[in-house]
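Participant: next input, structure requested:
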Amino acid sequence: MTPPLHNRLRALREARGWTQAELAERVAVSRKTINTVENRVFTPSTVLALKLARAFGVSVEDLFWLEGNETS
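Facilitator: Predicted structure coming up:
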């Protein structure tokens, strides 16, 4: 069983004042995809995780982490 993947997507997005639709446009996915990643319904592909991290100017590890590896 894969451990749950946590993320800071919503917090970083809101801190920048971006809507889900604006972030989706930046990384070329649908708003629904952003919503499902934020709510941990969908685990993003490596490519999407990298695009999201790049959009925020952070490392993938700063954006996503596995349960039990919380650093903040």
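
Participant: give me phi/psi at the residue nearest the centre of the chain?
Facilitator: Nearest to the geometric centre of the chain sits residue 9, at 4.0 Å (CA atoms, centre = their mean). The phi and psi values for residue 9, taken as degrees, to the nearest 10, are phi -60, psi -50.

Participant: likewise for residue 65?
Facilitator: The phi and psi values for residue 65, taken as degrees, to the nearest 10, are phi -150, psi 160.

Participant: where does the closest residue to it other than its chain neighbours land in three-state SS?
Facilitator: With sequence-adjacent residues excluded and distances taken as CB to CB, 6 or more residues apart in numbering, residue 65 is closest to residue 6, at 5.3 Å. The C-beta positions use only the backbone N, C-alpha and C, and glycine is treated the same way. Here residue 6 is recorded as strand under DSSP: H, G, I helix; E, B strand; the rest coil.

Participant: which ones are touching the residue nearest to the centre of the chain?
Facilitator: Applying CB atoms under 8 Å, 6 or more residues apart in numbering, we find residue 9 in contact with 23, 34, 37, 38, 52, 63.
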